[in-house]
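Student: Structure here, sequence nowhere to be found:
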């Protein structure tokens, strides 16, 4: 693939991701997308053989963005344990006021449509749940959370708080932020976290 | 309105609600709906002047179903306190394996579209949150939950567990049920509920 080909592919994916966050994966249509980018429809098809191929590539780009903007900086900037966990959560939740979450919206679009998109979304959420469980396990290893706590259960509960918070952000605005933080603090205290360690930086 | 008019209106709304739980409120189209019911499009318009009017009436029917199937039996069959609260939650969560929740799906459809549907959904969720807060307050009055607990916060957290559980039910199936129950039990224990009172009947 030529440099120009890579550039065009990236430009298509960025524009498509921008559209998906407004109108959903199923709202994506190749004709209008090509027009918007000043490409012919066949020029766009040269990069993505089908609409589903494009949707999958957009989801992958969104997952890379998420990893780069949420997980990586928290891991690099915060030491293992509750500080890192809270840094991850803060970066995660801070994305919501900026726009709808394509992973939650995507689940709602595809949960009743078997196929590659549904599989890819189910996989994304499992991977994210597993990253959260790892961060929780590191807290246990440092003695910051009780060792008997089921980290997969707590990872589900953190996801649930995020899903509920996302819903409320979108419907009721900023007040959801306080609810989300209080919910996380209660959850982590119930897992043995010392209140003085629960500081959002 | 004649008896026959009431019957037809009910038949339209039931069919429309069935469709909405599969394809969403925005998937509803008057032409195909009229065909399905053996009505003319103008016959359907005689009952609902616009698509939005129909959508609002469908949402109202769904809210009545929800109240009748979730809240009312729990209130009638279970005494105030944790028993009633758990009965409400069980009936609520038991709806999820049967199909997608039109209230959660509706929020996702309308959270970025100002208008009567968004307002009606925001209102539904607030009313349900307020009913949960009342059930929690009754637990406090009976000494089953600590008096200093913020019931509106706990109502948000119960909603979040439901939203996360709904997501996981739809994507991963039945295993979500165990996660949801464990999450509720942890939440209520952290509010002072005695473990032996946390029995799902």
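Tutor: Ah, there it is. Since the structure is predicted, the reported quantities are computational estimates derived from the model, not experimental observations.
Student: Residues contacting stretch A:86-102, please?
Tutor: Stretch A:86-102 is contacted from outside by A:17, A:20-22, A:25, A:59, A:62, A:66, A:69-71, A:73-75, A:77-78, A:131-132, A:135, A:158, A:162, A:165-166, A:169-170, A:174, A:176-177, A:180-181, A:184, A:198-201, B:111-112, using Cβ atoms under 8 Å, 6 or more residues apart in numbering or on different chains. (Glycine included, C-beta is placed from N, CA and C.)
Student: One more: stretch A:180-200?
Tutor: Contacts for stretch A:180-200 (Cβ under 8 Å, 6+ apart): A:82-83, A:85-86, A:89-90, A:93, A:139, A:144-146, A:149, A:154, A:157-158, A:161-162, A:164-165, B:150, B:153, B:156-157, B:160, B:186-187, B:189-190.
Student: Only whichever of the residues you listed are buried, select them in PyMOL.
Tutor: Buried members of these, defined by 16 or more other Cβ atoms under 10 Å in any protein chain shown, are picked up in PyMOL with:
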select buried, (chain A and resi 82+83+85+86+89+90+93+139+144+145+149+154+157+158+161+162+164+165) or (chain B and resi 153+156+157+160+186+187+190)
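Student: picking that back up, now, the contacts of stretch A:86-102 that are in helices?
Tutor: Residues of the contacts of stretch A:86-102 located in helices (DSSP state H): A:17, A:20-22, A:59, A:62, A:66, A:73-75, A:77, A:131-132, A:135, A:158, A:162, A:165-166, A:169-170, A:176-177, A:180-181, A:184.
Student: And the helix or strand of chain A with the lowest mean pLDDT, what's buried?
Tutor: One helix or strand of chain A scores below all others by mean pLDDT, DSSP states H and E: helix A:41-47, with a mean of 89. Within helix A:41-47, the residues scored as buried using 16+ other Cβ under 10 Å are A:44-45, A:47.
Student: Run the chain-centre distance for that helix.
Tutor: 28 Å (Cα atoms, centre = their mean, to the nearest Å).
Student: same thing with stretch A:103-116?
Tutor: On Cα atoms, centre = their mean, the centre of stretch A:103-116 falls 14 Å from the chain's centre.
Student: For that stretch, what does the pLDDT average out to?
Tutor: Stretch A:103-116 shows a mean pLDDT of 94.
Student: Run through who's touching it.
Tutor: In contact with stretch A:103-116 (Cβ under 8 Å, 6+ apart) are residues A:21, A:24-26, A:52, A:56, A:59, A:62-63, A:66, A:117-118, A:121, A:124-125, A:128, A:163, A:166, B:22, B:100, B:104-105, B:108, B:167, B:170-171.
Student: For residue A:77, which non-adjacent residue is closest in space?
Tutor: Among residues not flanking residue A:77 along the chain, residue A:87 sits closest, at 6.5 Å (Cβ to Cβ, 6 or more residues apart in numbering or on different chains).
Student: does that neighbour belong to a helix or a strand, and which?
Tutor: Per DSSP states H and E: residue A:87 is located in helix A:82-94.
Student: from the middle of its chain, how far away would that helix be?
Tutor: 13 Å.
Student: what about residue A:111, how many neighbours?
Tutor: A count of neighbours around residue A:111, defined by other Cβ atoms under 10 Å in any protein chain shown, yields 20.
Student: Can you pull the phi/psi pair for it?
Tutor: Residue A:111 adopts backbone torsions of phi -60, psi -20, taken as degrees, to the nearest 10.
Student: Distance of it relative to residue B:161?
Tutor: Using Cβ to Cβ, to the nearest Å, residue A:111 is found at 18 Å from residue B:161.
Student: was I right about residue A:16 contacting residue A:30?
Tutor: No - with contact defined as Cβ atoms under 8 Å, residue A:16 does not count as touching residue A:30 (9.4 Å).
Student: Mutual contacts of those two, please.
Tutor: Contacts common to residue A:16 and residue A:30, judged by Cβ under 8 Å, 6+ apart, are residue A:54.
Student: Look at these two and report which has more neighbours.
Tutor: residue A:16 (23 against 17).
Student: got a list of what that one touches?
Tutor: By Cβ under 8 Å, 6+ apart, the neighbours of residue A:16 are A:28, A:33, A:54, A:57-58.
Student: So which bits of chain A are right by chain B?
Tutor: Listed as neighbours of chain B in chain A under the rule Cβ under 8 Å from any Cβ of the partner chain: A:22, A:100, A:104-105, A:107-108, A:111-112, A:118, A:121-122, A:125, A:150, A:153, A:156-157, A:159-165, A:167-168, A:170-172, A:179, A:182-183, A:186-187, A:189-190.
Student: Just want the most central residue of chain A.
Tutor: residue A:66 (5.2 Å; Cα atoms, centre = their mean).
Student: where does it sit relative to chain B, distance-wise?
Tutor: With distances taken as Cβ to the nearest Cβ, to the nearest Å, residue A:66 is found 16 Å from chain B.
Student: which residues does that residue contact?
Tutor: Applying Cβ under 8 Å, 6+ apart, the residues near residue A:66 are A:95, A:103, A:128.
Student: mind putting the residues you listed in TSV, neighbour count included?
Tutor: As requested, those are exported to TSV (neighbours: other Cβ atoms under 10 Å in any protein chain shown):
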residue	neighbour count
A:95	17
A:103	18
A:128	21
